[in-house]
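Trainee: Structure here, sequence nowhere to be found:
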């Protein structure tokens, strides 16, 4: 009987440890050259919602690029998602951007690239894709200048 209780105890520890959410922080990393990406096959639509943090600057004039993709090497790259003629990426505001790009499976990595002197702090990036679940990546920190900065959860993709 003690053996059964011991096994139940071990099973409950395993189950509870699996239930804990993984906390992930964005980091700088290298992306392969996006200049070589060419549209092959079909093109899909994506909606990207970027919420700028309330602790960011009022708005940024910096150049912002976006890249995301799946665990199978399908990638979408947008060299400029900023709009110098508007106040896109204003503090406490969510901006919605419609993008066309290579079709993907479940999106598991995203990165932002910032070039400029203003600075910018996104709160989150949510991506809605064709035939995939929406995914949100929580930044909550300033994007460094001149490096790709983001998340790669592809090794954990199911």
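Mentor: Ah, there it is. This is a predicted model, so every value here is computed, not measured.

Trainee: Now do the helices for the protein: every range, in order, please.
Mentor: Under the criterion DSSP state H, the chain carries helices at the ranges 2-19.

Trainee: quick one, what contacts the residue positioned nearest the centre of it?
Mentor: The chain has residue 110 as the residue nearest its centroid, 3.4 Å off, counting by C-alpha atoms, centre = their mean. For residue 110, the contacting residues are 66-68, 125, 127, 137, 150-151, by C-beta atoms under 8 Å, 6 or more residues apart in numbering. The way it works is simple: take the backbone N, C-alpha and C, and place the C-beta from them, glycine included.

Trainee: doesn't residue 120 make contact with residue 61?
Mentor: No - in terms of C-beta atoms under 8 Å, residue 61 does not count as a neighbour of residue 120; the distance is 9.5 Å.

Trainee: Need the per-residue pLDDT for the residue nearest to the centre of the chain.
Mentor: For residue 110, the pLDDT comes out at 94.

Trainee: Okay, and the beta partners of it?
Mentor: In this structure, residue 110 has the following beta-bridge partners (DSSP bridges): residue 68, residue 151.

Trainee: what's near enough to touch the closest residue to residue 74 other than its chain neighbours?
Mentor: Counting by C-beta to C-beta, 6 or more residues apart in numbering, the nearest residue to residue 74 once its immediate chain neighbours are dropped is residue 104, at 4.3 Å. Under the criterion of C-beta under 8 Å, 6+ apart, the contact partners of residue 104 comprise 44, 68-70, 72, 74-76, 129, 132.

Trainee: what about residue 74, how many neighbours?
Mentor: 18 (other C-beta atoms under 10 Å).

Trainee: residue contacts, it?
Mentor: With contacts taken as C-beta under 8 Å, 6+ apart, residue 74 has the following neighbours: 102-105.

Trainee: Now which of those would you call buried?
Mentor: With neighbours counted by 16 or more other C-beta atoms under 10 Å, the contacts of residue 74 contain buried members at 102-104.

Trainee: which one of the residues you listed is nearest residue 96?
Mentor: When the buried ones among the contacts of residue 74 are compared for distance to residue 96 (C-beta to C-beta), residue 104 comes out closest, at 18.9 Å.

Trainee: Torsion angles phi and psi at the closest one?
Mentor: Summarising the backbone geometry of residue 104 under the convention degrees, to the nearest 10, its torsions are phi -130, psi 160.

Trainee: How much space separates it from residue 135?
Mentor: For residue 104, the distance to residue 135 under the criterion C-beta to C-beta, to the nearest Å works out to 11 Å.
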